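In: No sequence on hand, only this structure:
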């Protein structure tokens, strides 16, 4: 009995997918996807190596984003810590700003 219900649900999902039109897809893209790339309605956060920071900053500025660059300085005593320890130190340094 459960198998039958499961099969019917899957069949209904297939029919629902077949009912989607190209206009439905375009509308979904305009409504939900494109705003993710609009500087007026989104925020971009990028974490990269220092060597790529300038290129990324330039590209995002050209795209219309307001760019704020921050550099995380890692002291000699922090280099050997685990990821969990580094996260804690980053959080505490951010909260002290």
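Out: That came through, no problem. Quantities reported herein were computed from a predicted structural model and do not represent experimental measurements.
In: quick one: the helices in the protein?
Out: Counting by DSSP state H, the chain has helices at residues 2-18, 22-28, 50-62, 83-95.
In: where among these is the average confidence lowest?
Out: Lowest mean pLDDT within the helices of the chain: helix 83-95, at a mean of 50.
In: for stretch 29-48, how far is the first residue from the last?
Out: Length of stretch 29-48, first residue to last, C-alpha to C-alpha, to the nearest Å: 28 Å.
In: what about residue 39, how many residues close to it?
Out: In terms of burial, residue 39 registers 13 neighbours under the definition other C-beta atoms under 10 Å. For every residue, glycine as well, the C-beta is placed using N, CA and C.
In: Leaving out chain neighbours, which residue sits closest to it?
Out: Nearest residue to residue 39, sequence neighbours excluded (C-beta to C-beta, 6 or more residues apart in numbering): residue 64, at 3.9 Å.
In: Let me know the pLDDT of the residue lying closest to residue 35 once chain neighbours are set aside.
Out: Here the nearest residue to residue 35 in space, its sequence neighbours aside, is residue 41; by C-beta to C-beta, 6+ apart that works out to 4.8 Å. Note on residue 41: pLDDT of 87.
In: do the one 4 residues further on as well
Out: At residue 45, the pLDDT value in this model is 91.
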